[in-house]
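Q: model the following, please.
(one chain, ligands or ions: 1)
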Amino acid sequence: MTTSPLEVFIRFRPATKASKDIVVEPNNSNMSVINPINKSKLNFTYNEVMQNATQEEVYSKVCKKSVQHVLDGYNSCIIATGQTSAGKSYTIVGDEALTYKTRGMIARSIEEIFKTAESRPGVNFDVKFSVIEILNDKIVDLLQASSKQKQTDPPQIMESNGKQVIKNLTQIQLHNVSEGLELLFGAESCRSTGSTTQNPQSSRSHVIYLITIRQSSRTEDTIAATESKLYLVDLAGSEKMQSDSMSSYINKSLAALEQCITNLAQNQVHVPFRQSKLTHVLRDCLGGSSKTALIACVRPDEEFVLESIQTLRFAQRAVNIKTEAAVNVINRMFEAGGDQRQINSQVTQAVSEALEGQGGIGQLQAKVLRELEAENRKLKAEILLITGAEAKFQATEQDGLRKQVDNWVADAARLPELQSRADYQFCLEYMKQKIQSQPSSNSLRLNLASPPQLLTQINANANTQQVQQSARSDSKAQPSSRGATRTYGQIAESNGLSVSTKLTFEMASTLKNDEKKLDLSQTHSGDKLEADENDRFELFRRSENGTELSKELQGARTLTKSLKEEQKSVEGEVKKLGEEVNKKKTVLAEKALVFKQNGGENANQNVVNFQQNQNQVKLLDEMQKMSTDIQQTVNKIDQLIQKREQIQDQIDTQKIKEEYARRKLMVAFEAYCAGLNKKSSQVVKDNSEEKENLLYSTILNRTKQRK
Ligand SMILES: Nc1ncnc2c1ncn2[C@@H]1O[C@H](COP(=O)(O)OP(=O)(O)OP(=O)(O)O)[C@@H](O)[C@H]1O
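A: Below is the predicted model of the structure:
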């Protein structure tokens with residue numbers, strides 16, 4: 001057990017008009033404020049006062065250590081407090097736009113946890129995520145709320161083996177950072193917010209983000225494992241608020257928190273943790289076995305000096321609190337017993353449900369199958385739409401191009417209206433095919449000999465198109481009905497495709513626009529085309545950079561393909577197991593009927609017919625075994641469905657990587673064409689931040705879309 005004082009940090013939000021009465025000493029630990037009411041000077045000392053710290057710096061100074069404690073098996077907690085609009089949510093979650101660079105402590109902690117998990121291959125990591133909202137002194141399960149599933153029993157604070165647990169709280173297992181972000185953004189969208197005088201998006205509730213990590217050895221045969229928790233707490237703003245009931249609950253709970261902190265700091269025996277749900281949930285973090293840090297957010301503006309003093313005083317009191325943290329070892333033998341007890345009770349329940357003739361298993365199974373079938377239908381429709389829409393899109397565009405080439409061949413003055421390099425390449429190919437089929441056509445040869453005219457046309461069109469596009473977006477006009485001017489994204493959207501699919505379309509479209517922006521005149525010297533586009537691409541593909549990038553793209557595509565195959569096989573397995581469960585359920589129901597007709601459980605007391613009694617016992621035994629078997633299969637189906645979802649997420653991510661690889665290849669090709677091969681390695685520098693950014697915003701968009 002280690003006794004550690006609560007660490008207290010102050011974070012200043014950038015001020016609009018900074019007060020000269022708030023002064024931070026050069027050691028960044030001491031600070032003073034002149035009280036505007038009586039002009040007295042108030043001095044404060046904290047672990048650190050951060051004035052212009054970035055999110056990254058705040059994470060390293062305040063949170064990184066806490067995450068490390070949790071990874072070492074201790075509970076840790078970070079509480080963000082302060083007046084409304086001082087930057088509490090900004091610190092814990094990130095800014096409203098939820099950008100990657102300004103992501104808050106939660107996203108960074110999850111990243112760190114998975115990074116550590118990767119570096120400890122001998123340790124089994126089980127990471128779970130929960131989000132608790134305390135609204136009007138009631139506990140709300142935000143993951144349950146964001147899942148849109150029917151509300152089960154509300155979360156309740158309970159005591160178990162001397163520890164505080166929250167019963168009925170949704171805990172979702174994370175397998176990677178993306179899953180964590182998805183849950184975080186989903187929960188955020190369900191959080192209660194309202195408008196205050198200073199913050200139009202003020203948090204009207206306290207939110208506690210809970211990450212639970214269970215670690216056990218993969219290799220050693222030890223019975224001990226650790227389970228530790230990281231609490232990240234974003235309190236509601238402490239403002240002189242309106243006198244509505246919500247504000248009154250917020251003020252009461254903050255007053256209760258202040259009271260607890262005062263009593264703890266003065267080492268008083270009684271600490272009124274049960275006075276509010278907030279203090280009750282935070283009991284272990286403040287008075288128990290957790291390493292805790294407080295980050296008090298301050299707006300150092302002239303107009304908020306009084307509020308700042310209030311926050312600083314509260315934070316100063318917390319400096320004196322000490323907690324006693326201990327590594328949370330759990331005993332697996334006990335756990336195993338617990339699991340067994342749970343299984344036994346499930347069997348009893350399953351049998352009794354079968355006896356009732358309206359099995360929970362049956363319902364669950366039907367639900368699982370319904371969901372799977374619906375998912376399958378959606379998937380098939382989506383695939384059909386993608387392929388159909390894309391094919392239609394391409395067909396319309398290509399038909400138009402062929403027609404234009406035919407017109408040009410008939411009349412050399414009618415230059416085709418080409419808008420991209422791809423158009424140009426398509427036309428050249430088409431002309432080549434025509435020459436092969438009509439070798440004697442002089443006009444064709446003539447036209448093919450003057451491709452620079454085509455190139456000039458492409459550039460002119462690309463420029464006009466850009467101007468038109470910006471004019472269109474300024475006026476927010478609807479896209480034109482002409483197939484070629486509709487973006488892939490618009491097609492996807494109008495067909496109701498998912499965001500990940502839409503994103504892929506959008507990327508294809510962006511890529512197309514990028515191609516349009518290229519200055520093709522650089523690609524060629526003089527009037528004569530040096531080499532056919534295809535030949536140049538072939539040459540590039542064989543070059544060192546080209547080979548490497550082609551391989552990367554190919555690799556990404558192969559991985560997507562194999563993930564899709566894996567997903568298909570999981571779906572097949574679920575279907576097979578579903579059919580198996582249905583058959584077993586019918587047999588179980590028949591046995592249950594016989595059991596019931598023969599007197600049910602009372603038959604045990606019927607000593608008159610010993611044989612019948614024996615048969616009933618045997619039947620009950622068989623039924624219990626069958627129901628265990630069914631339950632296990634249903635659990636397996638559940639796991640497989642979850643696996644399918646995870647694969648889907650991997651596919652989505654993979655698609656982004658694929659597009660990124662494609663983009664790199666295209667950029668490198670352009671650089672090659674422009675004779676910039678030497679610089680191409682810089683141009684296509686593997687910018688991991690760009691990749692992360694792309695992933696972060698994709699997940700955010702996907703979550704928003706689901707809401
Ligand atoms: N350190 C900072 N740097 C830049 N912008 C910040 C910073 N802190 C806060 N902001 C911005 O100030 C606004 C209010 O911040 P935030 O919502 O985090 O305040 P809050 O303390 O959680 O308020 P409330 O309690 O009312 O919910 C947001 O637009 C946020 O992006």
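
Q: mind listing what residue 262 touches?
A: Listed by C-beta atoms under 8 Å, 6 or more residues apart in numbering, the contact partners of residue 262 are residue 317. Every C-beta, even on glycine, is put in place using the N, C-alpha and C of the backbone.

Q: name the element it belongs to?
A: Per DSSP states H and E, residue 262 falls inside helix 245-265.

Q: list the buried residues of that helix.
A: 246-247, 249-251, 253-254, 256-265 (16 or more other C-beta atoms under 10 Å).

Q: next, count neighbours for residue 636.
A: Neighbourhood size, residue 636 [other C-beta atoms under 10 Å]: 14.

Q: residue 561 too?
A: Considering only other C-beta under 10 Å, residue 561 is surrounded by 12 other residues.

Q: swap in residue 56?
A: Residue 56 has 12 nearby residues by other C-beta under 10 Å.

Q: same question, residue 178
A: For residue 178, using other C-beta under 10 Å, the count is 21.

Q: same question, the one 4 residues further on
A: Other residues near residue 182 number 21, with proximity taken as other C-beta under 10 Å.

Q: residue ranges with poor pLDDT in the stretch 501-650 of the chain?
A: 501-542, 599-612 (pLDDT under 70).

Q: switch the cut-off to 80
A: The stretch 501-650 of the chain contains residues with pLDDT under 80 at 501-547, 549-550, 585, 592, 595-617, 620, 638, 645, 648-650.

Q: cool, and the stretch 151-300 of the chain?
A: 151-153, 158-164, 189-204, 216-225, 238-252, 262-272, 275, 284, 286-290.

Q: helix or strand for the residue in the stretch 151-300 of the chain that the ligand sits nearest to, which one?
A: Closest to the ligand within the stretch 151-300 of the chain is residue 237: 2.6 Å, counting by C-beta to the nearest ligand atom. Using DSSP H and E, residue 237 sits in no helix or strand.

Q: tally of neighbours for it?
A: Neighbour count of residue 237, defined by other C-beta under 10 Å: 24.

Q: quick one on the thing from earlier: can I get whichever helix or strand comes after the helix holding residue 262 in CSV? Just the C-alpha atoms.
A: Next helix or strand after helix 245-265 toward the C-terminus (DSSP H and E): helix 277-281. Taking Å, rounded to 0.1, in the frame of the first residue of the first chain, the C-alpha atoms of helix 277-281 are listed here in CSV:
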residue,chain,number,x,y,z
LYS,A,277,-24.5,10.2,-6.2
LEU,A,278,-21.4,12.1,-7.4
THR,A,279,-19.5,11.7,-4.1
HIS,A,280,-20.8,8.2,-3.6
VAL,A,281,-19.4,7.1,-7.0
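
Q: list the helices and strands helix 277-281 packs on?
A: When contacts are defined as 3 or more C-beta pairs under 8 Å, 6 or more residues apart in numbering; DSSP states H and E, helix 277-281 packs onto strand 123-135, strand 138-141, strand 156-160, helix 245-265.

Q: now those as a markdown table including distance to residue 277?
A: A markdown table is the format used below for these (distance: least, C-beta to C-beta, whole Å):
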| stretch | distance to residue 277 |
| --- | --- |
| strand 123-135 | 5 |
| strand 138-141 | 6 |
| strand 156-160 | 8 |
| helix 245-265 | 7 |
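
Q: among these, which is nearest residue 213?
A: Among the helices and strands packed on helix 277-281, the nearest to residue 213 by C-beta to C-beta is strand 123-135 (5.4 Å).

Q: give me the sheet partners of the closest one and which way each runs.
A: strand 138-141 (antiparallel), strand 172-174 (antiparallel), strand 206-217 (antiparallel) (DSSP bridges).

Q: how about the contacts made by residue 549?
A: Listed by C-beta under 8 Å, 6+ apart, the contact set of residue 549 reads 661, 664-665, 668, 684.

Q: could you do residue 640 as well?
A: 570, 573-574, 577.

Q: and the helices in the stretch 1-150 of the chain, which stretches?
A: 55-58, 64-71, 88-92, 105-119, 142-147 (DSSP state H, counting those that start in this stretch).

Q: out of those helices, flag the one nearest the ligand.
A: Short answer: helix 88-92, nearest of the helices of the stretch 1-150 of the chain by C-beta to the nearest ligand atom, at 3.4 Å.

Q: so does that closest one get close to the ligand?
A: Yes - counting by C-beta under 6 Å from any ligand atom, the ligand is contacted by helix 88-92 at 88-90.

Q: ok, the residues you listed vs residue 597, which is closest?
A: Nearest to residue 597 out of the residues of helix 88-92 next to the ligand is residue 89 (C-beta to C-beta; 62.4 Å).

Q: alright, I will stop here.
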